[in-house]
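S.K.: what shape does this take:
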Amino acid sequence: MADYVLAIDQGTTSSRAIVFDKSGSIHSTGQKEHEQIFPRAGWVEHDPEEIWTNVREVVALALSRGNLTHRDLAAVGITNQRETAVVWDRTTGKPVYNAIVWQDTRTQKIVDELAADGGTDRFKQKVGLPLATYFSGTKIKWILDNVDGARAKAEAGNLMFGTTDCWVLWNMTGGTDGGVHVTDVTNASRTMFMDLESLSWDQDILDVFGVPASMLPEIRSSSEVYGEGRTGGMVPGVPIAGILGDQQAATFGQAAFEKGGAKNTYGTGNFLIVNTGEEIVRSTNGLLTTVCYKLGDAKPVYALEGSIAVTGSLVQWLRDQLGIISSAPEVEKLAATVEDNGGVYFVPAFSGLFAPYWRGDARGAIVGLTRYVTRGHLARAALEATAFQSREVLDAANADAGVDLEDLRVDGGMVANDALMQFQADILGIPVVRPKVTETTALGAAYAAGLAVGFWQSTDDVTANWAEDKRWEPQMDAAERDRQLRLWKKAVTRTFDWVDDDVR
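M.R.: Alright, predicted model coming up:
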């Protein structure tokens, strides 16, 4: 009897495989980082073939560490970095270019050209998204416009596009030998090409972008059997039955199924999602309207999202580019060497500013520097930047949804940082709650797959599995909170209008 479900979490910095039991507890894991490729300032790429190799390896690791084989698995679910674009040859299975990562800003000129007719909200009514470098659509156009022979191949029907869920699924189900070319509604909703109401590709928008419809995967629900694994994918015969973009997967893993349910994930970036039920709520405060999930034939559930580009990756930057820490966990110890931020505010607009500003012309800034400032103050300011940015998107969500959240469920790697979580509660003025299983992204994908094959019977089983681990109550005086927020917002304005035509 199959007693487990496997989740593949193809993330921005690594690929992981996690085996879950029926209680939603972790049985075993495998993880491997992949190279971050920075060909030029603002360009961020991954090697799709390295990702596929790593996925196979981590699946094998998770199974072997758990003393399992594929026969112990009821289903496989996939979750992924959502907007990262892969374009590959249908006949050879080889990518025509590296994957262009969601953080990449090279397509700003394409954004500007498209926005010249109708502004950045040109397609927002249909797709819920502003024109921005963040989403997949401009990345596909860039590849077709800049890679030799790509457009001709695409127009001949020989190229395929997918976000990394699609790339992994296609390879797991056979690749050039009958691989399934499918994505789910949550990933499709991040391309700029999917109509939120019909849940189908919009031909008019594709024509504007110059992207042939033949490149695109079939859009399916987040929980159904898409195909079975083949030998090359390490899980032969096992149904692959769930796909959710990483932030929607974390929302699912947090059991935020009720309208108004919310979570904030602290990863490479931060992503706040608020469930709006079956209603499409169109943001007037800088948030994205997106699909939260769709279970089989049931109606889609929608969400508002506040996307922050740089949070955990700022800690990586302190480690890898500045060298002021040697490992990510050290940042908490370094920040604890000072009592406050020393007047320093760090706005990490490395990829411009995402929600609620959507300023592609912004770049990172550290303000308030004096001779008094130490490495400890910089570390503290870097952590506090995560909390300040989360406060701004939460304010926007409260304004759009019309209901103030009473507490905030959190997950992701940074929630192990007690000092950050306490400051987050302080700057929000509401409790912050961490679940016992913080790997909610992988857990959500596992739940979606398990529900499709009857391993779990309903979302009630998911809700019953969720359990609180720790809660942080706000302790900061309201006047001090207001002062800190005022200075933060002042710092943010200093990052605007940095990019001119001659800035690379």
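S.K.: all strands of the stretch 101-250 of the chain, in order?
M.R.: With strands called from DSSP state E, counting those that start in this stretch, the stretch 101-250 of the chain shows them at 159-162, 182-184, 194-195, 200-201, 218-220, 223-228, 239-245.
S.K.: can you redo the ones you listed as TSV with mean neighbour count?
M.R.: The way it works is simple: take the backbone N, C-alpha and C, and place the C-beta from them, glycine included. Below are these laid out as TSV (neighbours: other C-beta atoms under 10 Å):
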stretch	mean neighbour count
strand 159-162	26
strand 182-184	28
strand 194-195	23
strand 200-201	15
strand 218-220	17
strand 223-228	20
strand 239-245	30
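S.K.: longest helix of the protein, counting residues only.
M.R.: For the chain, the longest helix by residue count, based on DSSP state H, is helix 375-401.
S.K.: would you mark the buried spots in it?
M.R.: 376-397, 400-401 (16 or more other C-beta atoms under 10 Å).
S.K.: what does stretch 454-471 give?
M.R.: Result for stretch 454-471 [16+ other C-beta under 10 Å]: buried residues 455-456, 461-462, 465-466.
S.K.: and of these, the nearest to Phe123?
M.R.: Of all the buried residues of stretch 454-471, Phe123 sits closest to Val462, with 33.5 Å by C-beta to C-beta.
S.K.: quick one, what contacts the closest one?
M.R.: By C-beta atoms under 8 Å, 6 or more residues apart in numbering, the residues touching Val462 are 24, 252-253, 255, 257, 447, 451, 456.
S.K.: could you point out which element follows the helix or strand where it lies?
M.R.: Under the criterion of DSSP states H and E, Val462 resides in helix 459-465. Next in sequence after helix 459-465, counting helices and strands by DSSP H and E, comes strand 468-472.
S.K.: paired strands for that next one, with orientation please.
M.R.: Its sheet considered, strand 468-472 pairs with strand 432-435 (antiparallel) by DSSP bridges.
S.K.: the inter-axis angle of the helix or strand following the partner strand versus strand 223-228?
M.R.: Where DSSP H and E defines the elements, the next helix or strand beyond strand 432-435 is helix 440-452. Counting by axes from the mean of the first three to the mean of the last three C-alpha atoms, to 10 degrees, helix 440-452 lies at 90 degrees to strand 223-228.
S.K.: by contact count, what packs against helix 440-452?
M.R.: Contacts defined by 3 or more C-beta pairs under 8 Å, 6 or more residues apart in numbering; DSSP states H and E place helix 440-452 against strand 4-10, strand 14-20, strand 73-80, strand 223-228, strand 239-245, helix 246-253, strand 262-266, helix 459-465.
S.K.: at 7 Å what do you get?
M.R.: When contacts are defined as 3 or more C-beta pairs under 7 Å, 6 or more residues apart in numbering; DSSP states H and E, helix 440-452 packs onto strand 4-10, strand 14-20, strand 73-80, strand 223-228, strand 239-245, helix 246-253.
S.K.: dump the residue contacts of Phe38.
M.R.: If a contact means C-beta atoms under 7 Å, 6 or more residues apart in numbering, then Phe38 has Val44 as its contacts.
S.K.: what does Val432 give?
M.R.: Counting by C-beta under 7 Å, 6+ apart, Val432 touches 408, 410, 421, 424-425, 472.
S.K.: show me the beta-bridge partners of it.
M.R.: Bridge pairing for Val432 - DSSP bridges - gives Leu408, Trp472.
S.K.: related to what we said a few turns ago, okay if I get the contacts of Val462 as a markdown table plus distance to Leu159 and pLDDT?
M.R.: Converted to a markdown table, the contacts of Val462 look like this (distance: C-beta to C-beta, whole Å; pLDDT from 0 to 100):
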| residue | distance to Leu159 | pLDDT |
| --- | --- | --- |
| Gly24 | 39 | 94 |
| Phe252 | 31 | 94 |
| Gly253 | 34 | 93 |
| Ala255 | 39 | 91 |
| Phe257 | 38 | 92 |
| Tyr447 | 33 | 97 |
| Leu451 | 33 | 97 |
| Trp456 | 37 | 96 |
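S.K.: most neighbours among the residues you listed, please name it.
M.R.: Using other C-beta atoms under 10 Å as the neighbour test, these are led by Phe252, with 35 neighbours.
S.K.: once you drop chain neighbours, what's closest to that residue?
M.R.: Spatial nearest neighbour of Phe252, chain neighbours left out: Gly444 (3.4 Å); criterion: C-beta to C-beta, 6 or more residues apart in numbering.
S.K.: what distance do you get for the one you found to Gly227?
M.R.: When distance is defined by C-beta to C-beta, to the nearest Å, Gly444 is 20 Å away from Gly227.
S.K.: same question for Thr290.
M.R.: For Thr290, the distance to Gly227 (C-beta to C-beta) stands at 25 Å.
S.K.: ok, Val111 next?
M.R.: Separation of Val111 from Gly227 (C-beta to C-beta) stands at 35 Å.
S.K.: and for Val281?
M.R.: From Val281 to Gly227 the distance is 34 Å (C-beta to C-beta).
S.K.: try Ala152
M.R.: The gap separating Ala152 from Gly227 is 30 Å, by C-beta to C-beta.
S.K.: how about Ile324?
M.R.: 47 Å.
S.K.: tell me how many other residues surround the nearest residue to Asn398 once chain neighbours are set aside.
M.R.: Nearest residue to Asn398 in three dimensions, chain neighbours excluded: Asp404, at 4.9 Å (C-beta to C-beta, 6+ apart). Asp404 sits with 13 neighbouring residues when counted by other C-beta under 10 Å.
S.K.: list phi and psi for Asp404.
M.R.: phi -80, psi 130 (degrees, to the nearest 10).
S.K.: am I right that it is in contact with Ala397?
M.R.: No - if you go by C-beta atoms under 7 Å, Asp404 and Ala397 don't touch, sitting 9.4 Å apart.
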